[in-house]
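[1] what's the 3D shape of this:
(one chain, ligands or ions: 1)
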Amino acid sequence: MADAAAAGPRSCSSNRPRSRRRVPSLRTMPTAQPLVHVVGARPNFVKAAPVMHALAERGVPQRLVHTGQHYDAAMSDVFFDDLELPRPDVSLGVGSGSHAVQTAAIMVALEQALTPERPPLVIVYGDVNSTIAAALVCAKLGIPTAHVEAGLRSFDRSMPEEINRVVTDRLADLLFVTSPEGVDNLAREGIDAGRVHLVGNPMIDTLLRHLSRFDPGPVRDRLGAPGRYAVATIHRPANVDEPHAARRIVAALEEAVARIPVVLPLHPRGRATLEEAGLAELTGRGLLVVDPLGYLDFLSLVRGSSAVITDSGGIQEETTILGIPCLTLRPNTERPITITHGTNRLVEPEALGAALDGALAGAQAPPPEGPPLWDGHAGERISQSIESWLAVRAGPGGTSGS
Ligand code: UD1
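    Prediction:
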């Protein structure tokens, strides 16, 4: 069996930013007014951290707004601790709801928060409801937005995230793209190329920054996981909202545990339907269901695994860099570069057993070249672009937004 965990992280083509400019003092900054980052859900925190760290290094004033889309300690607080993120300056506390209820609640609260402040730029991340809500509010208030992780497309409008991506990109003034096909997608949609910047992947910045802290031993021992195992995560509405879909997933996991023990940190969204579909019956047969894990614990667990089974977006990217085979239980991906340049394969639930056999036999080794610019410096490129953009808007000797 190929030991993916022993393979270690992959090297990627490095395209470091040109030598970092001297960090300007606040008096000479192109903006005296803080930029605002809007985050709300787990993957946002992972993407915002390197951008915030890089802007802080440049002395750019910034504030953090947390919408409260994710609110459990295990879904939110632990990420702030793990990623050394500052506590939010503003917490909107919107919580869960239907798409309309949640998106509208974020919009109402965010409009109130931003109106008196009118920041020179609001930065939004990824494709969650907090992202589209913030982009809409800013567009109506006339506040420019930057979208980090622009241009991804699954071309599947049944995914709420696809709607969020398309609309957010349409509205954004600055579009920061993680991989070349994103640039092509935006060009096809007629988005002005002058707004589009290929910068690499901030989620991979975070992964590389914390790589030395990903130690599988302690988390494996704490959870009672065996030495050899696969990790599974399942939370997409298409896989867990309907009983029929949940039964397909449980049947697929049954095939998986027949081959290798599986650790499943279970997102609250799918718990009820998956349990009704018979998940508990697999617990004595090699399935270990655990609560959602924080960033460091989860990536440590993944790093020690032989394979990952998922329907997440970000995990397709993380496994690509860690060199762990990833079997994605979806009919499509907005991240095709993780297939062409990584360890990812799309798999129907009914084909999971055979795909896992192949992955465990080492048939899913990563190609030699990783995705371009996934080198740990996306945050720096983004902050550099933002600073230039603010300087242009401010004009000679001016400060924007003041
Ligand atoms: C959201 C994103 C999805 C992302 C995922 C990461 C949207 C449309 N979807 O999906 O793209 O991959 O986050 O995790 O924005 N819940 C809790 N505690 C929490 C948060 C949620 O128990 O802290 C439960 C609630 O029952 C809630 C359900 O999870 O109704 C779904 O949460 P929600 O934020 O609406 O969507 P996710 O499925 O988490």
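
[2] show me what from the stretch 301-402 of the chain comes close to the ligand.
    With C-beta under 6 Å from any ligand atom as the criterion, the stretch 301-402 of the chain does not meet the ligand at any residue. Bear in mind the C-beta positions are built from the backbone N, C-alpha and C, glycine included.

[3] where in the stretch 301-402 of the chain is pLDDT low?
    Filtered on pLDDT under 70, the stretch 301-402 of the chain yields the residue ranges 397-402.

[4] now the strands for it?
    In the stretch 301-402 of the chain, the strands defined using DSSP state E, counting those that start in this stretch lie at 307-310, 326-328, 344-346.

[5] same question for the stretch 1-150 of the chain.
    Under DSSP E, counting those that start in this stretch, the stretch 1-150 of the chain gives strands at 35-39, 62-66, 90-91, 122-125, 145-150.

[6] do the last one and the ligand meet at all?
    No: counting by C-beta under 6 Å from any ligand atom, no contacts exist between strand 145-150 and the ligand, the nearest distance being 11.5 Å.

[7] what does that strand contact?
    If you take C-beta atoms under 8 Å, 6 or more residues apart in numbering as the criterion, strand 145-150 is touched by 47-48, 51, 121-127, 131, 134-135, 138-139, 165, 168-169, 171-178, 182, 186, 196, 202-203, 382, 386.

[8] next step: those restricted to helices.
    Among the contacts of strand 145-150, DSSP state H puts 47-48, 51, 131, 134-135, 138-139, 165, 168-169, 171, 182, 186, 202-203, 382, 386 in helices.

[9] rewinding a little: now the strands of the stretch 1-150 of the chain in a markdown table, with mean pLDDT and mean neighbour count?
    Formatted as a markdown table, the strands of the stretch 1-150 of the chain follow (pLDDT from 0 to 100; neighbours: other C-beta atoms under 10 Å):
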| stretch | mean pLDDT | mean neighbour count |
| --- | --- | --- |
| strand 35-39 | 98 | 28 |
| strand 62-66 | 98 | 22 |
| strand 90-91 | 98 | 17 |
| strand 122-125 | 98 | 28 |
| strand 145-150 | 98 | 27 |
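
[10] quick one: which of those strands is nearest A378?
    Closest to A378 of the strands of the stretch 1-150 of the chain is strand 145-150 (C-beta to C-beta; 8.5 Å).

[11] just checking: what are the partner strands of the closest one?
    If you go by DSSP bridges, strand 145-150 pairs up with strand 122-125 (parallel), strand 174-177 (parallel).

[12] domains of this structure?
    31-200+377-394, 213-360 (automatic domain parsing).

[13] correct me, but V183 touches H197?
    No: here V183 does not reach H197: they are 9.0 Å apart, not a contact under C-beta atoms under 8 Å.

[14] are any of the ones in helices among the contacts of strand 145-150 buried, and if so which?
    Burial by neighbour count, judged by 16 or more other C-beta atoms under 10 Å, picks out 47-48, 51, 131, 134-135, 138-139, 165, 168-169, 171, 182, 186, 202-203, 382, 386 from the ones in helices among the contacts of strand 145-150.

[15] and the helices in the stretch 151-300 of the chain?
    160-171, 180-188, 202-210, 216-223, 237-240, 243-257, 268-276, 295-303 (DSSP state H, counting those that start in this stretch).

[16] got the residues of the chain near the ligand?
    41-43, 69-72, 75, 96, 102, 127-129, 160-161, 235, 267-269.

[17] now do F155: how many residues are near it, please.
    10 (other C-beta atoms under 10 Å).

[18] which residue is nearest the centroid of the protein?
    P43 (3.7 Å; C-alpha atoms, centre = their mean).

[19] so that one sits against G126, correct?
    Yes: using C-beta under 8 Å, P43 is in contact with G126, at 5.3 Å.

[20] out of the domains of the chain, which gets nearest to P371?
    Proximity to P371 (C-beta to C-beta) singles out domain 213-360 among these, at 4.6 Å.

[21] check the offset of the closest one from the chain's centre.
    16 Å (C-alpha atoms, centre = their mean, to the nearest Å).

[22] hang on, the earlier thing: could you dump the domains of the chain into JSON lines and include distance to E369?
    Converted to JSON lines, these look like this (distance: least, C-beta to C-beta, whole Å):
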{"stretch": "domain 31-200+377-394", "distance to E369": "13"}
{"stretch": "domain 213-360", "distance to E369": "6"}
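
[23] out of the ones you listed, which is closest to L207?
    domain 213-360 (5.6 Å).

[24] follow-up on the earlier one: who's in contact with the residue nearest to the centre of the chain?
    Y125, G126, V128, M203, G313, G314.

[25] tally of neighbours for the nearest residue to L329 once chain neighbours are set aside?
    Closest residue in space to L329, ignoring its immediate chain neighbours: D311 at 4.9 Å, by C-beta to C-beta, 6 or more residues apart in numbering. D311 has 22 neighbours, counted by other C-beta under 10 Å.

[26] then G284?
    Neighbours of G284 (other C-beta under 10 Å): 8.

[27] distance of it relative to V257?
    For G284, the distance to V257 equals 10 Å [C-beta to C-beta, to the nearest Å].

[28] likewise H377?
    According to C-beta to C-beta, H377 stands 40 Å off from V257.

[29] quick one: which of those two has more around it?
    Comparing H377 with V257 by other C-beta under 10 Å, the one with more neighbours is H377, at 24 against 19.

[30] the residue of the stretch 101-250 of the chain found nearest the ligand - nearest residue in space that isn't next to it in sequence?
    Closest approach between the stretch 101-250 of the chain and the ligand, counting by C-beta to the nearest ligand atom: V128, at 3.2 Å. Sequence neighbours aside, A41 is the residue nearest to V128 in space, at 4.4 Å (criterion: C-beta to C-beta, 6+ apart).

[31] which neighbours do V183 and H197 share?
    In contact with both V183 and H197: V177, using C-beta under 8 Å, 6+ apart.

[32] please verify my assumption that R345 contacts C326.
    Yes: assessed by C-beta under 8 Å, R345 is found in contact with C326 at 7.1 Å.

[33] of the two, which one has the most company?
    Neighbours were counted for R345 and for C326 using other C-beta under 10 Å; C326 has more, 29 against 19.
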